[in-house]
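Asks: just need the structure, nothing else, for what follows:
(2 chains)
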There are 2 protein chains.
Amino acid sequence: MTQLEQARNGVVTNEAKQAALKEGMTPNYIRSAIADGTVIITKNKKHKSIEPLAIGKGLRTKVNANIGTSQDRVSLKEEIEKLHAAVNAGADAVMDLSTGGQVDEIRKAIIKESPVPIGTVPIYQAALEAVRKGKSLVELEADEIFEIIEKHAEDGVDFITVHCGVTQRSIEHIRKEGRLMGVVSRGGALTAEWMNFNKKENPLFENYDRLLHIAKKYDMVLSLGDGLRPGCLADATDRGQVEELVTLGELAQMAVSEGVQVMIEGPGHVPINQIEANILLQKRLCHGAPFYVLGPLVTDIAPGYDHITSAIGGAIAGAAGADFICYVTPSEHLRLPTIEDVKEGVIASKIAAHAADIAKGVKGAMNRDIQMAKARKLLNWDEQIRLSVDPEKARLLRESSPPSDKEVCTMCGSLCAIKLSGKGSL
Amino acid sequence: MTQLEQARNGVVTNEAKQAALKEGMTPNYIRSAIADGTVIITKNKKHKSIEPLAIGKGLRTKVNANIGTSQDRVSLKEEIEKLHAAVNAGADAVMDLSTGGQVDEIRKAIIKESPVPIGTVPIYQAALEAVRKGKSLVELEADEIFEIIEKHAEDGVDFITVHCGVTQRSIEHIRKEGRLMGVVSRGGALTAEWMNFNKKENPLFENYDRLLHIAKKYDMVLSLGDGLRPGCLADATDRGQVEELVTLGELAQMAVSEGVQVMIEGPGHVPINQIEANILLQKRLCHGAPFYVLGPLVTDIAPGYDHITSAIGGAIAGAAGADFICYVTPSEHLRLPTIEDVKEGVIASKIAAHAADIAKGVKGAMNRDIQMAKARKLLNWDEQIRLSVDPEKARLLRESSPPSDKEVCTMCGSLCAIKLSGKGSL
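Replies: The predicted structure is shown next:
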């Protein structure tokens, strides 16, 4: 039985207990939230090496890091280093989006090596294999897609992105509206091109039962992808995006009623003033299913700094109720990220997630900030560095500019406000 | 006459006309907003080399960069380089907060060299000179402070921070409440220590008329500093901070009625869920005076990344109505910023300000994002780089990882969604 089925039967599983401990919640809260479909546990039955990760309502906002090879850049060693860089920086989950080299081997290696849950987007591999067989992407058979999904599940993938909501109807909305950027999700674009060429409905939508069957067998979480997410601010919250979300809500409800754990993916590129409405819509239309956002990026004009544009959007989304933030690196829109990019991306998203947790009142979220404030008041530098999100960088910056008075720093010197107003006098 | 007096008399000054042109607003909008006290023009009558900068309601959110020497690090050359780095990265104004070396010479050099308005915090120099004369800070005479303020005005400083709202009453609120971090503003701490030692009221509060007189003579903007701003999330929006803001509101009203241009400084460290309320409070209590925020930082635990914590807070504050964002660099809380820090800090704040402008509907703010979306759709890389907030970095990242197909990038290769869905087909 899946975690959801057991929760619904009143069983507090070991996984729910472990998750409860990590979140500081009661095991019964976790159980009942899983039963409601408002919390998921991402752990494929075949994936033995990881601790279960709970994502959803009332819990700490989680961060995912995307890694993986591309056609232009293939190195398993480098991807394993990225995995560790992501986990060391605090990533709660990692997606292997490899599209170059021996993707089966790469995936298996990452799953084996990872201490955190692993997600994938099987349609990338399907597309890749079609091309390698000398076929066009649009000649893919539905069976080929499902076989790859089953292979990923069998390998122990904990969650997969499936673009089930890209339907003839939602694409028609996009055509009628006249989007600036069309479809910018790789999976969404592949699906739309396939549908357009074959004049057929999306096979993952038409054969959704088959998908549920595979997911249920392995207790693999379905992450219902927003294949029609906006690729620029001007396209945000348009009819195609919202129509797809309505469909995803229905599909999520079907999954939950079948005992399959599910989350919903969200945008993308969204102006600040539309973010809260996007979260509210998702929560309402999908009956509180966990929401996994990609950013959102709050401006389109900052390639090289999209870890910052997405930290802004992610923090606002998280504060409004998003549960899971997919990082964006400084290399977004420009190149495959490097190991250093992975670290920077994870830290920016961790900052966003943590700030969001304080805002939405996640239990215990303020504790570390209070400890930091106390350490600052006491001019206790070792403790300040220890409590930092990246102690190594904090230490490096401070030590690169040694103050003549060890109690202060080179910004204020003897005019240090903390020192002036006395350690604790005011 | 000051800009405010002329605006009130119905005169559209040359400065108002220039500002209107830059903002894409009518000259009469600028004039009437200056008359209301909801827009200011920061330009000391003696500062000839700069273009006037308008800040306030309905206008593009502006960004300030703090530079200046400290006791531990004194190099005029480096500070001039920081000035240029800040302006090149897009800073609209620069504050010289020098507290090391020959601060008079440094200030004069920065004023002369700068194409943008310059702000200062005169009390830093007053404190510094007291120490250099072998006196304790608390032995400062009120006259010494006013003489330095007049000297800054005479040198052409366009706006000064004055901590007039640190009163015996507001300090008493902080004592009663029991703040975690006390007073963290340097000017606020100096003022509070002086008041505590001398058992007197704040001289800049008691002799506010004298301050107005100087400001009026030079049309130097008063930036009413929040000396009691919170230094950690736990202290945000407390009674001391709010009491001070009430006082600043009264002082702002007095300034406006005397024809003196004024803006209000704001926090600091504020959880996301309290930012909007802080902006609303300031706007209401200060009758719409322009609001100049320092960040705010949305978590305390990220030294080394406070350009990101403050970009999150600044974007939310700007979207809610803040008019002017003071940057924070990665070195905040750790050391005096380097030239590279200055650039990173300005760009992070520019991103926040721009995202805020889109959210609050500033005229024309979305144009560049729409151009970027069109360039992306056409896979026009030169145009994407040209439109970037930092073209140099965008180009560097892309060129460091050359794709085999020049139309795409090394992230997606042939699976590029834009390419898949056709240039403009969907």
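Asks: near A:K133, how many other residues are there?
Replies: When neighbours are defined as other C-beta atoms under 10 Å in any protein chain shown, A:K133 has 10 of them. Bear in mind the C-beta positions are built from the backbone N, C-alpha and C, glycine included.
Asks: contacting residues for it?
Replies: Neighbour list for A:K133: empty [criterion: C-beta atoms under 8 Å, 6 or more residues apart in numbering or on different chains].
Asks: look up the pLDDT of it for me, please.
Replies: We have a pLDDT of 91 for A:K133.
Asks: against chain B, how distant is it?
Replies: Taking C-beta to the nearest C-beta, to the nearest Å as the measure, A:K133 falls 15 Å from chain B.
Asks: what residues are up against the nearest residue in space to A:A192 that is not next to it in sequence?
Replies: Of all residues not flanking A:A192 in the chain, A:V183 sits nearest, at 5.2 Å (C-beta to C-beta, 6 or more residues apart in numbering or on different chains). Taking C-beta under 8 Å, 6+ apart, we find A:V183 in contact with A:166, A:174, A:189, A:192, A:227-228, A:231, B:417, B:420-421, B:426.
Asks: what's A:V183 sitting at in phi/psi?
Replies: The phi and psi values for A:V183, taken as degrees, to the nearest 10, are phi -100, psi 120.
Asks: ok, A:K363 touching A:M25?
Replies: Yes - here A:K363 reaches A:M25: they are 7.1 Å apart, a contact under C-beta atoms under 8 Å.
Asks: just to be sure, A:V63 is in a helix?
Replies: No - under DSSP: H, G, I helix; E, B strand; the rest coil, A:V63 sits outside any helix and is assigned strand.
Asks: okay, it and chain B: tell me how far apart.
Replies: From A:V63 over to chain B the distance is 14 Å, taken as C-beta to the nearest C-beta.
Asks: residues touching that residue, list them.
Replies: Contact analysis of A:V63 by C-beta under 8 Å, 6+ apart lists A:90-93, A:324-327, A:346, A:349-350, A:353.
Asks: and the pLDDT for the residue nearest to it when sequence neighbours are not counted?
Replies: Leaving out its chain neighbours, the residue that sits closest to A:V63 by C-beta to C-beta, 6+ apart is A:S349, at 4.5 Å. We note a pLDDT of 98 for A:S349 in this prediction.
Asks: can you name every helix or strand that the host helix or strand of A:S349 contacts?
Replies: Using DSSP states H and E, A:S349 maps to helix A:339-359. Here helix A:339-359 touches strand A:62-67, helix A:76-89, helix A:306-320, strand A:324-326, helix B:272-285, helix B:306-320, going by 3 or more C-beta pairs under 8 Å, 6 or more residues apart in numbering or on different chains; DSSP states H and E.
Asks: now for the following helix or strand past that helix, which elements pack on it?
Replies: For helix A:339-359, the following helix or strand on the C-terminal side (DSSP H and E) is helix A:367-377. Counting contacts by 3+ C-beta pairs under 8 Å, 6+ apart, helix A:367-377 packs against helix A:381-386.
Asks: quick one on the thing from earlier: now do the buried residues in the helix holding A:S349.
Replies: For helix A:339-359, the neighbour count (16 or more other C-beta atoms under 10 Å in any protein chain shown) marks A:339, A:341-359 as buried.
Asks: over to stretch A:122-130?
Replies: A:122-130.
Asks: out of the contacts of A:V183, who's the most crowded?
Replies: A:L228 (36 neighbours).
Asks: check contacts around that residue.
Replies: Residues counted as contacts of A:L228 (C-beta under 8 Å, 6+ apart) are A:165-166, A:170-171, A:174, A:183, A:185, A:188, A:240-241, A:243-244.
Asks: which among the residues you listed gets closest to A:L281?
Replies: Checking the contacts of A:L228 against A:L281 with C-beta to C-beta, the nearest one is A:Q241 at 9.5 Å.
Asks: A:E129: which element?
Replies: A:E129 belongs to helix A:122-132 when elements are defined using DSSP H and E.
Asks: quick one: mean pLDDT for whatever helix or strand comes next after that helix?
Replies: Using DSSP H and E, the helix or strand that follows helix A:122-132 in sequence is helix A:142-155. On average, the pLDDT along helix A:142-155 is 97.
Asks: name the next helix or strand downstream of helix A:142-155, please.
Replies: Sequence order places strand A:159-162 as the next helix or strand after helix A:142-155, per DSSP H and E.
Asks: need the contact partners of that following strand.
Replies: Identification of contacts with strand A:159-162 by C-beta under 8 Å, 6+ apart yields A:42, A:93, A:95, A:117-123, A:149, A:152-153, A:187, A:204, A:211, A:215, A:220-225, A:263, A:265.
Asks: give me the buried subset of these.
Replies: Those of the contacts of strand A:159-162 that meet the buried threshold are A:42, A:93, A:95, A:117-123, A:149, A:152-153, A:187, A:204, A:211, A:215, A:220-225, A:263, A:265, by 16+ other C-beta under 10 Å.
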